[in-house]
Each structure stands twice: as C-alpha cells, then as structure tokens.
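[1] Requesting a structural model of the entry that follows:
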Amino acid sequence: MGDESLACSYVPFCDGAARQAWAALQRGNRRWAAGASRRPRQDPDRRRQVAAGQSPYAVVLSCIDSRVPPEVVFDAGLGDLLVVRTAAHTVDRLVTAAVQFGPQDLRASLVVVLGHQRCGAVTAAAKALRERETLPGELPSIVAALEPVYTGSGGEVDDMVHAHIVRTVSVLRADTLLSGKATVVGAYYSLDTGLVRRVA
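    Residues are numbered from 1 along each chain as shown. Next comes the predicted model:
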C-alpha cells in the first residue's frame, strides 16, 4: 500500500490526525487481506459506548458493490467510520453533504475516496457509452457522471476507475467546507488480493 504517511506533496495540507487515521485504516486492511481480521470494537460494550454519540476518525466514500464493505475491508469497528456509498462512488449534492457531515459536525480528519477493481457500475457505464445505449430508470445519471473519465481513458474499465477516483478527490479537495477540515485521499481496492492502495 505504500508508505503510511500522508506526504504534503500528495495533499493540500498535512495533519497528524489524518496521518494516524490513514495508518489505522492501512493496518486494518493488511489484517483483512491476510485473513487475520480482528473485528475490533464490535461487541456490546462498544455498542453501549457509542450509543450516546459518535466520533468516527474517517469518512469513506465508496461504491455500493457488495464485495467492498469499508468496515470489513479496513477491519474497523462500530463508530470508527462514517461510510457513504453510491454506485461507482459518484458524487452529487446530497452525497457531498453526507461527506461534509463527517469533518464539519463529527470532526473526522480524513476522507477516503475508495474505488475498486472490476467495478460493475463503471463497466455498465462504459458499455452504455460505447454502444450508445440508454439505460433504464435513473441509471443514465451514473453514466453521465462517468462520461468524462470514459472519454479520457478510452473506455477501459480499470483506467476509468482510477481516473474517477482522482477526479472525485479533486472535487472534494476543492470543496470549501472540507478544505482545512479534512485531508482527502483516493484509494483503490483489489478484489483479487483484498489490499487497498493509495492512488491520489
């Protein structure tokens, strides 16, 4: 996954709490990938502890894919993560508001945009754009959100995923409510290995 630090060259500002949060996520992910998950802070005592309030240390914006549950992937406990999930971690005003809530109201120091290998939503969008097909219901909104990265990547799904992570990170870093309150990074999850690698 690379080094555990959040180097200033990668992010608009440096913050010790964000570095610690990323390190905790990294350690948990390594446990998960190695088949050594501890499932920490998931007992009745922890449930009672957080019943009166929460103080998650990170926000994770991830895909809805059933194979990528952030609490499992990062071997995190109850109350550790504020998780926002959309198809291919697409962002609109409501999603942005949900992400803002972590740093603004709960003082979460880190926001992680988590894309993943073989994303079904990205695959469907790439196919629709390539074949000029209109998907049913509200699905065209996902296609529209991914069209800019489709154009820049030649329609290759994994390249689209990486480009969309970088694009989403850029959007969130520019957000006025997040700037100065949280460090925003992008990461990529391998379905094959279970490991998360930072890409932005």
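
[2] Name the spans of this protein whose pLDDT lies under the cut-off.
    The chain contains residues with pLDDT under 70 at 1-14.

[3] how about 80 then?
    Along the chain, the parts satisfying pLDDT under 80 run over 1-15.

[4] And the helices in it?
    Listed in chain order, the helices of the chain (DSSP state H) span 16-33, 44-50, 70-73, 93-106, 120-131, 140-153, 157-173.

[5] So which of those is nearest V184?
    Nearest to V184, of all the helices of the chain, is helix 157-173, at 4.7 Å by Cβ to Cβ. Yep, even glycine has a C-beta here, placed from its N, CA and C like the rest.

[6] and the closest one with helix 93-106, angle?
    Interaxial angle, helix 157-173 versus helix 93-106 (axes from the mean of the first three to the mean of the last three Cα atoms, to 10 degrees): 50 degrees.

[7] heads up, I number from 16, so please use that
    With the count now opening at 16, the last piece we talked about shows up as helix 172-188.

[8] thinking again about what came up before, export the helices of the chain to TSV and append columns for mean neighbour count and distance to V75.
    Formatted as TSV, the helices of the chain follow (neighbours: other Cβ atoms under 10 Å; distance: least, Cβ to Cβ, whole Å):
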stretch	mean neighbour count	distance to V75
helix 31-48	19	8
helix 59-65	11	17
helix 85-88	20	4
helix 108-121	16	9
helix 135-146	18	17
helix 155-168	17	19
helix 172-188	21	12
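
[9] Which among the ones you listed is found nearest to C78?
    Across the helices of the chain, C78 has its closest neighbour in helix 135-146 (6.6 Å, Cβ to Cβ).

[10] Output the closest one in CSV with nothing but the alpha carbons.
    The C-alpha coordinates for helix 135-146 follow below in CSV (Å, rounded to 0.1, in the frame of the first residue of the first chain):
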residue,chain,number,x,y,z
GLY,A,135,-19.8,-3.2,-12.1
ALA,A,136,-21.2,0.4,-12.3
VAL,A,137,-18.2,1.6,-14.3
THR,A,138,-18.4,-1.5,-16.5
ALA,A,139,-22.1,-0.8,-17.2
ALA,A,140,-21.5,2.9,-17.9
ALA,A,141,-18.6,2.1,-20.3
LYS,A,142,-20.8,-0.4,-22.2
ALA,A,143,-23.7,2.1,-22.4
LEU,A,144,-21.4,4.9,-23.7
ARG,A,145,-19.6,2.6,-26.2
GLU,A,146,-22.8,1.2,-27.6
